[in-house]
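> Sequence first, then the predicted structure, then my questions.
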Amino acid sequence: MEMRSHLGRVRGLGSSNQGIQRWWMQRLTGVALVPLCLWFVFSVVGLAGADLATVTDWVGRHFNPVLLILFIFCIFHHGQLGLQEVIEDYVHAESVKVTSLILVKFGAVLLGASSAFAVIRLTFGG
Amino acid sequence: MANSKANSSRPLSPHLQVYRPQITSILSITHRMTGIALTGGAVLFCYWITSATYGAETFASAQAVMGSWFGQLVLWGMVFSLFFHLGNGVRHLGWDVGWGYELDKLRISGWLTIIFAVAMTVLTLVIAYSAAGGG
């Protein structure tokens, strides 16, 4: 029977391998964003100054809504991970750090969900 | 670390400003700055796509904001930031798999990133304005 405390047992074992998740998701979304961004930029360039009907038509066409929603998920996920890294590196006052982290996370989810919902509405018309 | 007061009298090691700027350090901080700028671009994208759900007039005004000289300036900044961050991001992925840590390779991949970002921005510019001029 193990007589050591929980803390004594885990001390010196290093991390519980949870930290890698953030690093991995940053790379994964980064890799996905390479083709997605190229597709997005070269598609949207043609929509400069276009009217609503043209843009709505582009959003809903073929595979575009799927790519747009994947693009939205990746940019906001990748973006909030990056901002989190910057905040953790440069903001040392605990209260400011936690507040800005919460704002970044909530903001990313809010803007990401709004953008994705806009794509769905434009696709199905409403 | 949380209690910075206790450590405030301890000497600090020389920080960033004592080093001569080099391509490696310049690109590293530019990666962060373009990343931060691009989150602003994501906000701008959200404004653009959601405004389309508010009807033709609201969307036309959003398009006018983007098409103004200031809007275009910001968008071109975004395009450059995107291609720089993309290129340098791929460079980072190379390091993740253990490639390109030698000093000469760091410099070559650094310059390639800059060339890539500038060339792709110019290419996008050409496509954008030739499309606008043609139609």
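Alright, I've got the coordinates. Quick caveat: nothing in here was measured; it's all calculated off a predicted structure.
> which element is residue 70 on?
You didn't pick a chain, so chain A it is. Taking DSSP states H and E as the definition, residue A:70 sits inside helix A:64-90.
> wait, chain B
Mapping residue B:70 onto the secondary structure by DSSP H and E places it in helix B:69-96.
> who does the helix holding residue A:70 touch, helix- and strand-wise?
With contacts defined as 3 or more CB pairs under 8 Å, 6 or more residues apart in numbering or on different chains; DSSP states H and E, helix A:64-90 has these neighbours: helix A:20-44, helix A:52-60, helix A:94-124, helix B:23-51. Just so you know, the C-beta spots here come from the backbone N, C-alpha and C atoms, and that holds for glycine as well.
> mean confidence score for the last one?
Same thing as helix B:23-51. When pLDDT is averaged along helix B:23-51, the result is 94.
> Repeat that for stretch B:74-83.
Per-region confidence: stretch B:74-83 scores 96 on mean pLDDT.
> and residue B:17, how many neighbours?
Residue neighbour count, defined by other CB atoms under 10 Å in any protein chain shown, stands at 6 for residue B:17.
> Now do it against residue B:25, distance only.
For residue B:17, the distance to residue B:25 under the criterion CB to CB, to the nearest Å works out to 11 Å.
> How about the residues of chain A by chain B?
Residues of chain A found near chain B, taking CB under 8 Å from any CB of the partner chain as the criterion, are A:27, A:30-31, A:33-34, A:37-38, A:41-42, A:45-46, A:48-53, A:55-56, A:59, A:68, A:75-76, A:79-80, A:82-83, A:86, A:92, A:94, A:111-112, A:114-115, A:118-119, A:121-122.
> Name only those of those residues that count as buried.
Buried members of the residues of chain A next to chain B, scored by 16 or more other CB atoms under 10 Å in any protein chain shown, are A:27, A:30, A:33, A:37, A:41, A:45, A:48, A:50, A:52, A:55-56, A:59, A:68, A:75-76, A:79-80, A:82-83, A:86, A:111-112, A:114-115, A:118-119, A:121-122.
> Who are the contact partners of the residue nearest the centre of chain A?
The central residue of chain A, meaning the one whose C-alpha is nearest the mean C-alpha position (CA atoms, centre = their mean), is residue A:77 at 1.0 Å. Contacts for residue A:77 were tallied using CB atoms under 8 Å, 6 or more residues apart in numbering or on different chains; they are A:25, A:29, A:108, A:112.
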